[in-house]
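> Here is a sequence together with a model predicted from it:
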Amino acid sequence: MYPSNFEYMRPKTLEEAIELISSMEGSRVLAGGQSLLSMMKLRIFEPSSLIDIGFIPELKHVKLEDKHKVRIGAMVNHHEILDNPIVRENLPMLSSTAEKIADLQVRNRGTIGGSICEADPAADYLPTLMALNAKVHLKSKSEERSLDIEEFIKGPFETEIQDGEILTEVEIEKNTENFAVEKYARRKADFAVASVAASARLAKDGKVEYIRVAIGATSEGPKRLKDIESSIIGKTSAQLDLGQIIQNTISKIDMISDLHGGSEYRKYVLSGMLMRMLESLITKGRQR
Amino acid sequence: MVTVSMKVNGKNYSGEVEPRTLLVHFIRDNLKLKGTHIGCDTAHCGACTILWNGEPVKSCQILAVQAEGADLTTVEGLELEDGKYSIEQESFREHSAMQCGYCTPGFLMMTRYLIRNNPEMTRDEIREQLHGNYCMCTGYQQIVDAVQDAQRKFIKSRK
Amino acid sequence: MSKLSTQEQVTAHSESSFSAKNVGKGVLRFEDLKIIKGIRGYADDIEFADQHYAAVLSSPYAHAKIVRIDVSKALQVPGVILILTGKEIKSLTNPMSSRAATKSPTSHYILAVDKVRFMGEPVALVVAKSKYIAADAVSLIEVEYEPLPVVSSIEEALKKDAPLIYPELGSNELIFDHFEFGDVNKAFKEADKIVKQRLKIQRYGSTPLETWNVNAYFDKTREELLVYATDQQPGRTVQSVERTIKIPASKIRLIVPPVGGGFGNKLAIWHFVALMGLAAKLCGKPVKWVQTRMENLYAFHRPRGFMDAEFAMRKDGKILGVKLSDWQADGNWPYVAALYSLIKFANMSGVYEIRNLSFEYRSVATNDPPIVQDRGVGKPFMSFVIERMMDIAADELKLDKIAIRQKNLIPTEKMPYTTASGEVYESGNYPETLRRALRLSDYNLKREEQARLRKEGRYIGIGLAEGIEPGTSNLGYYFLSKADQPDYNGAGQMSTVEIAPDGVVKVNMNGPEIGTGHVTTIAQVVSDVFGLEPSEIVVDASFDSTLGHLTYAGTYSNAFNDVYIGAVLKASEQLKNKVLSIASSVLKEPKESLFLKEGYVCKNIQTAEKLLSFKELAKISYGRLLSFPKDQEPGLKVVAAYVNPTAKPFVRSDFNVQLTHSNSVHVCYVEVIPENWNVKILDYSIVHDAGKVINPIIVEGLAIGSTVSGIGGAMYEEFVFDEQGINLSLTFGDYLKPTAMEAPELRIEMMESPAPNTVLGTKAVGEGGAITSLAAVAGAIEDALKPFNVRITELPVTPEKIWNWIKQSNEFKRISGGVR
Ligand SMILES: Cc1cc2nc3c(=O)[nH]c(=O)nc-3n(C[C@H](O)[C@H](O)[C@H](O)COP(=O)(O)OP(=O)(O)OC[C@H]3O[C@@H](n4cnc5c(N)ncnc54)[C@H](O)[C@@H]3O)c2cc1C
Ligand code: FES
Ligand code: FES
């Protein structure tokens, strides 16, 4: 399969990239290309020019600031996220998520910025980033802004990014709470049929004092399950009817429906995952 | 047309390409290195796997212009300088880990990377690391045998 | 019609002096020395000077009228030199015809003419200076379609007022036929129980990693078409190309370099050879077409369909009679319509004694894409039906699944055994294969473990299937439903063996090498004839139509071990005989005292005195013509054709569609995980009897690979279409192949029941796994789901399907409690 022609730009600095993207109409940012090039090869997508941000050192950092804030450049690839000691130590949930994406070769090219901007409803990072309350930084010629990941992702393949903007980095508070991240797909490299990212902390008395739950592959994209969180917080596992709580939430959700799984089946799988994962999270902590 | 320069199997290349040229086409058609294959066009099958600064990537899902300055290795770069087969090549042959051979260069490149970065994988772990490479012929069993053997040979070679 | 006695039919015919030294050894493959360097030389690696490239415009509709095609914009793209559409094709070429159908459509051309019949049907062809430019031009061709009602199922196709795929035939039923053997009515009257079931098969297919490639050049000076193609049946292609684009066969040179996987998928490439050949002739440039994966996934799969099976059973488990009614959505590819039904005669009885049998079939045209002879053709489904029916019958009669099989197995004393329709199972020991499989798989221990784990709430299952793996096609079955006798046959091949002028032994099998180790296998066989080492034999495993070949030359239907080996061995022995005669004259030694060893003509077995080297002999035979023995012909090259003598002429009451029959037993052990109903294969054992084995490494590899391809069909692979006939499985992200993580570790044990009717006792290898695994996997999953009372009658068994089957059951309600 052969993409159609385009003009190619290879800026060396972020400033140059932003200048290019705001001056060239119909241009697109090229990150790892692991999603974009598929679409271009199929000619579903034919941009008139590509701004390759792969040669900009400023987008490739992983930094720990003030011992609690992790900053990850947009061009950091999945493999580095899985491998990087700063991420592993301060955001084990994120590095554990990276391992679940695609395969080794794709992980060596695909980037966190690309995955976020692509906003695939079944992308693995997104529920995790929601559970981690990540912020994304955007930069354009006129403005620099940052948004919560939940605000940024508007729906399947839809984000808040504006023409002329580049996602520059992801900012996440250190988080080493107990967590569970899982994706169910028939084969490992396939996009999730259902996915869950959750983390929790229990108080000494066994009450849940912190909990975050997000899921992927719904028909509206990744979602944080605030209903579930608020029903659980402040309670011990003995006080909870988890089955009922999950049921209440899931019944209101529509999942993606395609040849990898219908919505009803995906819901079934999702409830099973939630049940098992949450149960273990809100009882595990107590045993410590 | 855009000029790209890269190192492939230790040699420097530079050439003019249309920006849309896929790296796999650049390797096959411009450099005439025919060992890197195309099996799916969509980054699923791994037949086009090469090493990029030592790490495996799928060359059908990369533009040649993105490889500016990169150091690439293809299957043609595996053989040792004295014409001897490398550990990966030897193991694959000794375990008959191929039938039609179309997938083999991709698996060899994976093996080159894996045994150096994770020389103590179990059979299940090997299977997991190789899941981005399809083989339609062998059913994978002999491929796993070969990678296991390559691990052993590699560890031995470092002692 | 006099009937040959079974004994006569299988008489060994080779009186060769063959002694095996290298045959039977696990020689490492010579092919691999090239493969691991990346220099195998596949079709896409070959380029002509001034190479041009073709791209195809494919139909986005499954059924539509072509109202208008405008190529003007595409023609303006710099670098585009030729565009072909149905208009040109209609005036320049002949339409395709059907082999089996009594009435042949007359409107199906190599590019769509006036209407499209499946999504992905080629509508236009562009030739340009580069692949990228060709693709650009394709995207600029404007086609106006007028959608027609889509026929997306067999039931719809057979409705009275159904839209017709081929209006000229007046019906979508391409063929209907009925066969009956023995006394079926009596059997059904006497039965204690009649077990009935409809079983379904999905569309799936082998997807060789290398897609289809054609590179064609028309040499004006010689008026010859030269083509490189990834073609599995090039002998036939030459003729079909001649018929279609009207270039004489003698002016077509078709070369098949090593192929990156075949599996039957590349048997249908001929129409693209014709298309590129025509384009090359028209534009005067070499034209290369490399199929994209999406194009590869559009069409040429196994057909979907179903079979109604009725087994008349005695209550002790004995099968008294069987009625089968087969329905196949053959899509719209008149060329091989009915093939999937007719070839089922090869394993219709499985490993069982079934004397009363009726079979009726319908080949139905739909807007499904074309079909092709995919790995095992109709035999995997046939085996699935029989083995599922055995399980179902055991269930209904409350008998043990092993016991019911043992009751019906063809006893070894009855080998060679002729089935009700005339298929001859030439050798085998089915009870022993089963015994060994039970032992290899630790069957009894597994049953105990299963019971224990079920108490712990785990769903573990064991499936067992026995299968026949036929090889070598007596291709005339295409004509079973027609009046005429076939004018072709797959039971023979022609090959060349020579001692080249430099003294090297060279073989040209003259058939495509599709990855199954032909080079090494042939080297082993030929080395034994000439007293050499396999590494000293130069084997060209490729096809060149200018060398001697029979009409149906090709690598298909598991025939290599029979007929290509037959031809190579015959040529080798003739050459050896000639060598000894020449040497005897030259050396003035009695011929009987001479033998060949280490590249020399020798005498005296004890001391092996070397008298004359092959090199010297070649010098004499090619050059010293004045002193050359007068009673011999100079040169050391022999072309020989071999035909398996047990192929019967076609009579409806007694015919054999295939000539060798390997057999195997598969035992599959699975766990089903209730959280998502995913299935994990925990263990898989195979006992495989493929007759005499020339190279155990190669045969074992094929058995394993073939089994994993079957597991793909049983659990993962399906081409899914919507109601509009749109194929939704067009990438490997949506058409799921098993990866190394899905493939189980297999345990395999070989048995050898030599075939009496092949030159070395070899039989089919390569399809057995794909045939036998379907029922083994399905049976295991059904067994695991016993508490849910599920009967598995269709494939692939996906977790979502399992969930749908069981979610109303009591067991499901019990385990899910209040949660869901
Ligand atoms: C075979 C295969 C399997 C996969 N499996 C999974 C999986 O299991 N789970 C999963 O989550 N993903 C999977 N993916 C997708 C993969 O993670 C991609 O890497 C990711 O979705 C996109 O990242 P990228 O860097 O390649 O982005 P690109 O493809 O380069 O870009 C994607 C989109 O984002 C835009 N963009 C990229 N970066 C920026 C930026 N910094 N600022 C503004 N816009 C930007 C681009 O313009 C484009 O529109 C798979 C991909 C493949 C090929
Ligand atoms: S061709 Fe690149 S992954 Fe298949
Ligand atoms: S050997 Fe044929 S695809 Fe792997």
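In hand now; what should we look at? Ligands and ions are numbered 1, 2, ... in the order given.

> Around the residue in the stretch 101-250 of chain C positioned nearest to chain A, how many other residues sit close by?
Of all residues in the stretch 101-250 of chain C, C:Ala135 sits closest to chain A, at 4.1 Å by C-beta to the nearest C-beta. Every residue, glycine included, has its C-beta placed from N, CA and C. Counted with other C-beta atoms under 10 Å in any protein chain shown, residues neighbouring C:Ala135 total 22.

> which non-adjacent residue is nearest it?
A:Tyr2 (4.1 Å; C-beta to C-beta, 6 or more residues apart in numbering or on different chains).

> That neighbour belongs to a helix, doesn't it?
No. According to DSSP: H, G, I helix; E, B strand; the rest coil, A:Tyr2 belongs to no helix; its state is coil.

> How much space separates it from C:Ser130?
9 Å (C-beta to C-beta, to the nearest Å).

> what are the ranges of the strands in the chain?
Picked chain A for this. According to DSSP state E, chain A carries its strands in the segments A:7-9, A:27-30, A:49-52, A:62-65, A:69-73, A:135-139, A:144-148, A:153-155, A:158-159, A:166-173, A:178-184, A:194-202, A:208-218, A:221-224.

> wrong one, I was asking about chain B
Listed from the start of the chain, chain B has strands (DSSP E) covering B:2-8, B:11-17, B:49-52, B:55-58, B:71-73.

> Including mean neighbour count, could these go into CSV?
Listed next are these as CSV, based on neighbours: other C-beta atoms under 10 Å in any protein chain shown:
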stretch, mean neighbour count
strand B:2-8, 17
strand B:11-17, 13
strand B:49-52, 26
strand B:55-58, 26
strand B:71-73, 20
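
> List just the one of these that sits closest to ligand 1.
Closest of the strands of chain B to ligand 1 is strand B:55-58, at 7.6 Å (criterion: C-beta to the nearest ligand atom).

> how is chain C carved up into domains?
Listed domain ranges for chain C are C:17-40+C:492-643, C:44-148+C:213-287, C:304-476+C:649-816 (source: automatic domain parsing).

> Kindly reformat these as CSV containing distance to A:Ser49 and mean pLDDT.
Output for these, formatted as CSV (distance: least, C-beta to C-beta, whole Å; pLDDT from 0 to 100):
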stretch, distance to A:Ser49, mean pLDDT
domain C:17-40+C:492-643, 35, 96
domain C:44-148+C:213-287, 17, 96
domain C:304-476+C:649-816, 26, 96
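
> right, and those domains - which one's nearest A:Gly113?
domain C:304-476+C:649-816 (22.2 Å; C-beta to C-beta).

> For chain B, which residues are neighbours of chain A?
Contacts of chain B with chain A, taken as C-beta under 8 Å from any C-beta of the partner chain, map to B:2, B:18-20, B:22, B:41-44, B:46, B:49, B:52, B:55-58, B:61-63, B:65-66, B:68, B:110, B:113, B:128-129, B:131-133.

> so how far is ligand 1 from the residue in chain C positioned nearest to ligand 3?
The nearest approach of chain C to ligand 3 comes at C:Leu209, 4.0 Å away (C-beta to the nearest ligand atom). Distance of C:Leu209 to ligand 1, computed by C-beta to the nearest ligand atom, to the nearest Å: 16 Å.

> Likewise for C:Leu438?
Distance from C:Leu438 to ligand 1, by C-beta to the nearest ligand atom: 41 Å.

> For my notes, confirm that residue occurs in a helix.
Yes. C:Leu438: assigned to a helix according to three-state DSSP.

> neighbours around the closest residue to C:Lys414 other than its chain neighbours, how many?
Spatial nearest neighbour of C:Lys414, excluding adjacent residues (C-beta to C-beta, 6+ apart): C:Glu353 at 7.7 Å. The number of residues packed near C:Glu353 is 17, by other C-beta under 10 Å.

> Quick check: phi and psi at C:Glu353.
Main-chain dihedrals, C:Glu353, degrees, to the nearest 10: phi -80, psi 110.

> Does it touch C:Glu413 like I think?
No. Using C-beta atoms under 8 Å, C:Glu353 makes no contact with C:Glu413, being 11.9 Å away.

> quick check: domain ranges of chain B?
B:2-75, B:81-158.

> Would you convert these into TSV that also reports mean pLDDT and distance to ligand 1?
Formatted as TSV, those follow (pLDDT from 0 to 100; distance: least, C-beta to the nearest ligand atom, whole Å):
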stretch	mean pLDDT	distance to ligand 1
domain B:2-75	97	4
domain B:81-158	97	7
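
> which SSE is C:Met494 in?
Assigned by DSSP states H and E, C:Met494 belongs to strand C:492-499.

> So what pairs up with the residue of the stretch 301-450 of chain C found nearest ligand 2 in the strands?
Ranked by C-beta to the nearest ligand atom, the top residue of the stretch 301-450 of chain C for proximity to ligand 2 is C:His301, at 19.8 Å. Beta bridges link C:His301 to C:Ile371, judged by DSSP bridges.

> Next: the one 4 residues further on.
Using DSSP bridges, the beta-bridge partners of C:Gly305 come out as C:Ile201, C:Gln328.
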